[in-house]
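Peer 1: structure for the following, please:
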Amino acid sequence: MTRFLLIFSMCFVSTVLSVAQISSNAFYSEPTQYGGSDPEDPIFFYENINDASLSAPAGIAYQWYQYSTVSNSFEIIAGATSSNLDNIVENGYQVKVTASNGSYDEYSCWNFVPVIKVDSVGMPPKSATCFNLRVTAYTDNKQLTYYKHKSDNNALMVDYGYEWSSQPSGPIDGKTESTHLIDAPLEDTEYTVIVGEKFIARIEPGTRSKLYEAIAVEAKYSFETEGTADNEATEASAPMVVRFTDESLGKVNDWEWTFGDAGKDFVPDPIFTFQKFTEGGYPVILKVKNLDSECESETAPETFTVKNIVIKVPTAFTPFSTPTRNDKFKILYRSINKYTIVIYNRWGRKVYQSNNPADGWDGRIGNRRAEPGVYFYKIEATGFDKGEKENLEGAIHLIVN
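Peer 2: Numbering: from 1, shown residues only. Sure, this is the predicted structure:
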């Protein structure tokens, strides 16, 4: 829909000695982009050049000039000696304004009728890779050419202006060039460009959209380690059971898990058991792939460590104390594969036996309390690594408070 809003724009002029400027009935204006040390001139934009009118700054005498691409200079317009200039064409104009003291200034401007035509939003051939995507607005806009006349007369083009957005939002949002190279999206994304929104006062901007079907993937995962206080522990006693959950992005349809030298798996969410200690641990890597596009990604190695066998035996316990504290004789351990403990009294009578290192003696013999005093234990245990073995003997004190 065309929006009817008339804006009389006033732009800075080309002289650094004056704040005066050429004015116009244009609906929009912006400065030139000469660059360097040259001061900028105004560029005026119209719906209809036949209605255009220019007005010079105040003075006592005026002479207007029109730019010639043949001579690369402003040439005098015969009879154009008033402060206003009508019946102009799409071109550059200059006015020499004489002041009452006889000095003069020169002011320049450029005048155009923009025409917006957006053909499509596209991804050029071979621009979509597993890592990058080039998104381009293809236009057939009318070329608006002006010239850097103050020095080298180089041809310059008016930028119609581009405003990009995407759904879902991404790195292209707010970009303002006609083409952009961005990271390849990991989900299907619709890209939209608005061309010429700066002319919205009188000209409907051109808008085009295109849906891009994602081909890239990114490997990611989470995990939970069973039997630990920290569910995300990467170090635990054997057997170390870890539940892995694939959280990769993109259209993944192939998985390869590598658990160091302990094995592989090819399902999205494996449960893996690390059985024994190994020097340096187990570097875990997830590699995922989109079999249709052949895009793939893998995680950096994350090391999972199985601890060596450890057994620590207390020297005393108080089974019948109040409040209950240290009321069982229990070892501290890790990475035990096989285990046996036997406890004897001073006369060599067996009072307790277990094959579970998590169990403990509660100080009772049958249904009665054992007498306080010294008892003796014998522990035999093996770890998960070949040759790991512990044979421990010692005394423990059963204390009654």
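
Peer 1: what's the closest non-adjacent residue to residue 173?
Peer 2: residue 165 (5.3 Å; C-beta to C-beta, 6 or more residues apart in numbering). Every residue, glycine included, has its C-beta placed from N, CA and C.

Peer 1: please disregard the earlier target; I meant residue 376.
Peer 2: residue 344 (4.9 Å).

Peer 1: so residue 400 sits against residue 327, correct?
Peer 2: No - Residue 400 is not in contact with residue 327 according to C-beta atoms under 8 Å; the separation is 11.2 Å.

Peer 1: now the common contact residues for these two.
Peer 2: 318-321 (C-beta atoms under 8 Å, 6 or more residues apart in numbering).

Peer 1: hmm, which of those is lowest in pLDDT?
Peer 2: Lowest-confidence member of the shared contacts of residue 400 and residue 327: residue 321, scoring 80 (pLDDT).

Peer 1: let me see the contact set for the nearest residue to that one once chain neighbours are set aside.
Peer 2: Nearest in space to residue 321, with sequence neighbours left out and distances taken as C-beta to C-beta, 6+ apart, is residue 401 at 4.5 Å. Taking C-beta under 8 Å, 6+ apart, we find residue 401 in contact with 318, 320-322.

Peer 1: got the phi and psi for residue 50?
Peer 2: Backbone geometry at residue 50, expressed as degrees, to the nearest 10, gives phi -70, psi -20.

Peer 1: and it, how many neighbours?
Peer 2: 11 (other C-beta atoms under 10 Å).

Peer 1: what about the residue nearest to it when sequence neighbours are not counted, distance to residue 28?
Peer 2: Nearest residue to residue 50 in three dimensions, chain neighbours excluded: residue 87, at 7.9 Å (C-beta to C-beta, 6+ apart). According to C-beta to C-beta, to the nearest Å, residue 87 stands 21 Å off from residue 28.

Peer 1: settle it for me: which of these two has more neighbours?
Peer 2: residue 28 (19 against 9).

Peer 1: the stretch 51-200 of the chain: strands as residue ranges?
Peer 2: In the stretch 51-200 of the chain, strands defined by DSSP state E, counting those that start in this stretch lie at 53-55, 61-68, 73-76, 84-86, 92-98, 104-112, 118-122, 132-139, 145-148, 154-157, 162-167, 179-183, 189-195, listed in chain order.

Peer 1: do the same with the stretch 301-401 of the chain
Peer 2: Under DSSP E, counting those that start in this stretch, the stretch 301-401 of the chain gives strands at 302-306, 310-312, 316-317, 332-334, 338-344, 350-354, 364-365, 368-369, 373-382, 389-398.

Peer 1: pick out the shakiest of those, pLDDT-wise.
Peer 2: Among the strands of the stretch 301-401 of the chain, strand 332-334 scores lowest, at a mean of 85.

Peer 1: contacting residues around it?
Peer 2: 237-238, 307-312, 339, 357, 381.

Peer 1: are any of those buried, and if so which?
Peer 2: Among the contacts of strand 332-334, those classed as buried by 16 or more other C-beta atoms under 10 Å are 237-238, 309, 311, 339, 357, 381.

Peer 1: ok, the residue sitting nearest the centre point of the chain to residue 182 distance?
Peer 2: By C-alpha atoms, centre = their mean, the chain has its centre lying nearest to residue 171, at 7.5 Å. For residue 171, the distance to residue 182 equals 5 Å [C-beta to C-beta].

Peer 1: OK, contacts around the residue nearest to residue 161 when sequence neighbours are not counted?
Peer 2: Ranked by C-beta to C-beta, 6+ apart and with sequence neighbours excluded, the top spatial neighbour of residue 161 is residue 198, at 4.7 Å. Shown in contact with residue 198 (C-beta under 8 Å, 6+ apart): 28, 30, 160-161.

Peer 1: ok, the residues you listed vs residue 108, which is closest?
Peer 2: Residue 108 lies nearest to residue 30 out of the contacts of residue 198, by C-beta to C-beta, at 14.5 Å.
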